[in-house]
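# Sharing a model prediction with you, sequence too.
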2 protein chains.
Amino acid sequence: MSDLSLAIVGLGTIARAQHLPAIAATEGITLTAVASRNARLDGVSNYTEIEELLESEDDVQAVSLCTPPQGRFEQAMAVLRADCHLMLEKPPGATLSELELLAAEANARSLTIFATWHSREAAAVDQARDWLADRNIHATHIDWAEDVRKWHPGQDWIWQPGGLGVFDPGINALSILTKVLPDPVRLTGADLHIPENRQTPIAAELTMDAGHPVTARLDWRQQGAELWQISFDTDAGVAVLDQGGARFTVDGETVAQGENAEYARLYARFRDLVSTGDSDLDLSPLRLVADAFLTGHHHTVPAFLD
Amino acid sequence: MSDLSLAIVGLGTIARAQHLPAIAATEGITLTAVASRNARLDGVSNYTEIEELLESEDDVQAVSLCTPPQGRFEQAMAVLRADCHLMLEKPPGATLSELELLAAEANARSLTIFATWHSREAAAVDQARDWLADRNIHATHIDWAEDVRKWHPGQDWIWQPGGLGVFDPGINALSILTKVLPDPVRLTGADLHIPENRQTPIAAELTMDAGHPVTARLDWRQQGAELWQISFDTDAGVAVLDQGGARFTVDGETVAQGENAEYARLYARFRDLVSTGDSDLDLSPLRLVADAFLTGHHHTVPAFLD
């Protein structure tokens, strides 16, 4: 079988740091075109607009969107209407209703749509899920704290309406949570801390239920080292998935640890979904975020100056 | 066939004003039990707690929940786990994730679950939908304005997180909109006006897309007569669905008008859904509200004192 001919749209930091090397490392996929307003890539066809790419490149079979979620709907719909398979960076869209429309369009055209959650592919996540499947979990707690100035310098869109604020990294934790817990997760309460000069939260606390109590603390005001950790209090000890999913320990003993190869796994999975004609559009992490905004208690906190 | 034996939970204003007379007027349904913390009803079995009702009343086949959305999930799940069909007042829940769980439970047990949107049953809504199906619509505009002091006096829960604020009536307009327009509706922007002493909006403006532009103005600061109206600018004239759906006019001429019998139609539909083993859980109105909270621009407005 010949390789899947892929185009990517958006050639920003995440595309260069993660998507390009992952595509190069994935058998069965060849990058043939790029659309980007501000950048070019050697060795492939280059376009400034996605519409121009889709019109000109008859052989492109699949498109990966690496653009910010606001305004991505029109691009995604254009990809599907050009009869190309679609892969979406997280979060897969700005709203839940737009994703319903994309799902319906992909289904009507028998195209693959893949909403990716890169943190689910971290090295120790599968082992954590398998270990937890056989245990009684009494409580789960998420600590997801990082310094926004270090990890998102000058990214103004995350503070705009729809930019999700601290949920932009926090949704990574929720994507792991909804993968590793045996029962579905329901939001029961949220406290959102919003700087007086911004539109999205800089910190949040969540309460959830998954057959047992789940709590989360998301915080962008962290100083020093980041903390990307989920702890499980179980009848077989305290299990901890930390380093963003790269390490899993039980009572301090390492059960699984590895180098993260998240994006390579995403592209291999996309290739396999296309080959079997399947889709993967699990919206549960974004639905939990929407529920937090829908029911959350707003607290105004001091202005944030980037 | 014998009548469907029904229980209702919550005996507040909406239950007494709408549900009880509608049930009495619906062939094929008999009210046999009530659970209410603060009220009793003559002629049926009375309980203070839903759990007690479900344990004691072996013959009850279906339950209608008339309680506020916050905290309704546990009641709804108890109904399904007692193998009873479930009818939900609008909005059907406090969060989207809880409704996914209820849908899965009802499906696994082959039970009917019916998320009601009473405004969809207003007298002229079906005629509006049928008329619009054959026209090109250029623009749609919602005006949904009422005096909160008149229509929701002392209802503190609507100002609490999750209480939806002006979306509590506004979701009625969205439920009509998503029924009468031929294409699905996607939210593209929202401005939320939140009193400085409250948690939920007193007014909102929305922009949406349904193959044509859709705008909405929801306002609880209305003085004088309420305005519950949706206008459609079409190639066959200006159509207006007003009086909350009771009247439909085209270029000023009345096409359809009637007395609203919304709740009687809901109970007849619930009876029919149960008899055919079907469910109706259209979450699109609540999804639009969640999207408005997720992506909306917050504006602080003067304090609201009830």
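Now that the structure is in, tell me what you want to look at. Numbering: from 1, shown residues only, chains lettered A, B, ... in the order given.

# Helix or strand with the lowest mean pLDDT in chain A?
Confidence across the helices and strands of chain A bottoms out at helix A:13-14, with a mean of 88, counting by mean pLDDT, DSSP states H and E.

# Mind giving me the packing neighbours of the helix or strand just after that helix?
Once the chain leaves helix A:13-14, the next helix or strand it forms, by DSSP states H and E, is helix A:20-25. Judged by 3 or more CB pairs under 8 Å, 6 or more residues apart in numbering or on different chains; DSSP states H and E, the packing partners of helix A:20-25 are strand A:4-9, strand A:29-35, helix A:262-276. Where you see a C-beta, it was placed from the backbone N, CA and C, and this is true even at glycine.

# from those, which stretch is densest packed?
strand A:4-9 (a mean of 24; mean count of other CB atoms under 10 Å in any protein chain shown).

# Which elements pack onto it?
If you count contacts as 3+ CB pairs under 8 Å, 6+ apart, strand A:4-9 packs onto helix A:20-25, strand A:29-35, helix A:50-56, strand A:62-65.

# Of the helices and strands packed on helix A:20-25, which is nearest residue B:297?
With CB to CB as the criterion, residue B:297 lies closest to strand A:4-9 of the helices and strands packed on helix A:20-25, at 26.6 Å.

# returning to that earlier point: need the helices and strands packed on strand A:4-9 in CSV with mean pLDDT, can you?
Formatted as CSV, the helices and strands packed on strand A:4-9 follow (pLDDT from 0 to 100):
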stretch, mean pLDDT
helix A:20-25, 96
strand A:29-35, 97
helix A:50-56, 97
strand A:62-65, 98
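
# With respect to residue B:249, which of the helices and strands packed on helix A:20-25 lies nearest?
Closest to residue B:249 of the helices and strands packed on helix A:20-25 is strand A:4-9 (CB to CB; 45.9 Å).

# between the closest one and helix A:262-276, how big is the angle?
Counting by axes from the mean of the first three to the mean of the last three CA atoms, to 10 degrees, strand A:4-9 points 130 degrees away from the direction of helix A:262-276.

# and the angle from strand A:4-9 to strand A:29-35?
Between strand A:4-9 and strand A:29-35, the angle comes out at 30 degrees (the same axes, to 10 degrees).

# Show me what strand A:4-9 pairs with in its sheet, parallel or antiparallel.
strand A:29-35 (parallel), strand A:62-65 (parallel) (DSSP bridges).

# give me the residue from the stretch 1-150 of chain A nearest chain B.
The stretch 1-150 of chain A approaches chain B most closely through residue A:95 (3.9 Å), counting by CB to the nearest CB.

# Let me know the pLDDT of the nearest residue to that residue once chain neighbours are set aside.
Distance criterion CB to CB, 6 or more residues apart in numbering or on different chains; nearest residue to residue A:95, sequence neighbours excluded, is residue B:291 at 3.9 Å. For residue B:291, the pLDDT comes out at 98.

# Confirm for me that residue B:291 is in contact with residue A:291.
No. Applying CB atoms under 8 Å, one finds residue B:291 not in contact with residue A:291, separated by 11.7 Å.

# overlap in contacts of the two?
Both residue B:291 and residue A:291 lack any common contact, where contact means CB atoms under 8 Å, 6 or more residues apart in numbering or on different chains.

# For the stretch 201-306 of chain A, what lies in contact range of chain B?
Proximity of the stretch 201-306 of chain A to chain B, by CB under 8 Å from any CB of the partner chain, involves residues A:284, A:287-291, A:293-298.

# quick one on the thing from earlier: format the strands paired with strand A:4-9 as CSV; extra columns: distance to residue A:76.
Compiled in CSV, the strands paired with strand A:4-9 are given as follows (distance: least, CB to CB, whole Å):
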stretch, distance to residue A:76
strand A:29-35, 13
strand A:62-65, 6
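
# Out of those, which is closest to residue A:41?
Between the strands paired with strand A:4-9, strand A:29-35 lies closest to residue A:41; by CB to CB that is 4.8 Å.

# From the chain's centroid, how far away is that closest one?
22 Å (CA atoms, centre = their mean, to the nearest Å).

# Next secondary structure after that strand?
Next element after strand A:29-35 (DSSP H and E): strand A:45-47.

# Please name the nearest non-neighbouring residue to residue A:258.
Nearest non-adjacent residue to residue A:258 (CB to CB, 6+ apart): residue A:123, at 3.2 Å.

# any idea how far residue A:118 is from the nearest residue to residue A:36 once chain neighbours are set aside?
Nearest non-adjacent residue to residue A:36, counting by CB to CB, 6+ apart: residue A:11, 3.8 Å away. Between residue A:11 and residue A:118 the computed distance is 18 Å (CB to CB, to the nearest Å).

# and what of residue A:225?
21 Å.

# Would you mind telling me which of these two has more residues around it?
More crowded of residue A:225 and residue A:118, by other CB atoms under 10 Å in any protein chain shown: residue A:118, with 20 against 8.

# The more buried one against residue A:269, yeah?
No. Using CB under 8 Å, residue A:118 is not in contact with residue A:269, being 10.9 Å away.

# Residue A:32 and residue A:80, how far apart?
Where residue A:80 is concerned, residue A:32 sits at a distance of 19 Å (CB to CB).

# got the residue ranges for the strands in the stretch 151-300 of chain A?
Under the criterion DSSP state E, counting those that start in this stretch, strands of the stretch 151-300 of chain A are mapped to A:186-195, A:203-209, A:213-219, A:227-234, A:237-242, A:247-250, A:253-257, A:297-301.

# and these as CSV, adding mean neighbour count, distance to residue B:179 and mean pLDDT?
Converted to CSV, the strands of the stretch 151-300 of chain A look like this (neighbours: other CB atoms under 10 Å in any protein chain shown; distance: least, CB to CB, whole Å; pLDDT from 0 to 100):
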stretch, mean neighbour count, distance to residue B:179, mean pLDDT
strand A:186-195, 22, 28, 98
strand A:203-209, 22, 32, 98
strand A:213-219, 21, 36, 98
strand A:227-234, 20, 42, 98
strand A:237-242, 20, 45, 98
strand A:247-250, 22, 48, 98
strand A:253-257, 14, 50, 97
strand A:297-301, 14, 32, 97
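
# Reformat these as a markdown table; add distance to residue B:134.
What follows is these, written out as a markdown table (distance: least, CB to CB, whole Å):
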| stretch | distance to residue B:134 |
| --- | --- |
| strand A:186-195 | 42 |
| strand A:203-209 | 47 |
| strand A:213-219 | 50 |
| strand A:227-234 | 54 |
| strand A:237-242 | 56 |
| strand A:247-250 | 60 |
| strand A:253-257 | 61 |
| strand A:297-301 | 45 |
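
# Residue B:135: which of those strands is closest?
Closest to residue B:135 of these is strand A:186-195 (CB to CB; 40.7 Å).

# Mind listing the strands the closest one pairs with, and their directions?
strand A:203-209 (antiparallel), strand A:297-301 (parallel).

# residues in contact with that strand?
Residues outside strand A:186-195 that contact it (CB under 8 Å, 6+ apart): A:165, A:200-210, A:288, A:291-293, A:295-304, B:73, B:95, B:97-98, B:101, B:161, B:298.

# All set, thanks.
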